[in-house]
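In: Predicted model follows, preceded by the sequence.
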Amino acid sequence: MDFRSFKLQAPKDWSKLKLGTYDSNAGIIITKNNDSIFYDYGPYSYSLEENVTIINRKDFNKLLAVNPKADTTQFIVIDKNVNREDFVKSKITYKKIDGYKVKILEPKQVGKGITGFYIDSLKTGPIGKIRFNLYGTNLKKESQVELLKAIHTLQFTQ
């Protein structure tokens, strides 16, 4: 598949949908399983950080006492010290692909978490660093395997 800024080898039954973006090359790839894989080549690409807010019960209760209407829907409330990694859905590895340091994410459990990768700096453009991501969330197993394979064929055009 050719996306102008980059190319990758993907299953022939994947299709692409270009988004009308102003300052980046962004779009969606649709897999044969109807999973969506997003890409963004530009200065504001999402870094695929998994935000996990862990708060102990004592501090949680203090927060609610001060602000009873606080949005706590994304909090993980714990009673003792825990390892943050126990609550993160995806594991992260780093590799070199096409000469770039790449952050690769893969769910710890198939179908629950982010599968994809992120590059923090491909080059510097007129509006700053050019970044890149390619990822899907909660992908079916076949789509996850195909995406992880496709990631390793990535080539950037200059």
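Out: Yes, it's here.

In: CA only for contacts and neighbour counts going forward, please
Out: Will do.

In: Give the helix, strand or coil label for the residue minimising distance to the centre of the chain.
Out: For the chain, residue 48 is the residue whose C-alpha lies nearest the centre (CA atoms, centre = their mean; 3.5 Å). At residue 48 the chain is in coil, as set by DSSP: H, G, I helix; E, B strand; the rest coil.

In: residues in contact with it?
Out: Going by CA atoms under 8 Å, 6 or more residues apart in numbering, residue 48 touches 114, 117-118, 133.

In: Let me have the residues you listed in CSV, adding neighbour count and distance to residue 83 as columns.
Out: Listed next are those as CSV, based on neighbours: other CA atoms under 10 Å; distance: CA to CA, whole Å:
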residue, neighbour count, distance to residue 83
114, 25, 20
117, 24, 24
118, 24, 24
133, 23, 27
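
In: and of the residues you listed, the nearest to residue 44?
Out: The closest of these to residue 44 turns out to be residue 133 (CA to CA; 9.9 Å).

In: Does that closest one lie in a helix or a strand, and which?
Out: Element membership for residue 133 (DSSP states H and E) is strand 128-137.

In: Show me what secondary structure element comes after that strand.
Out: Proceeding N to C from strand 128-137, the next assigned helix or strand is helix 141-151, under DSSP H and E.

In: Show me which parts of that next one are buried, residue by residue.
Out: Neighbour counts over helix 141-151 (16 or more other CA atoms under 10 Å) mark 143-144, 147-148, 150-151 as buried.

In: Likewise for stretch 68-77?
Out: residue 77.

In: pLDDT of that stretch, averaged?
Out: Averaging pLDDT along stretch 68-77 yields 86.
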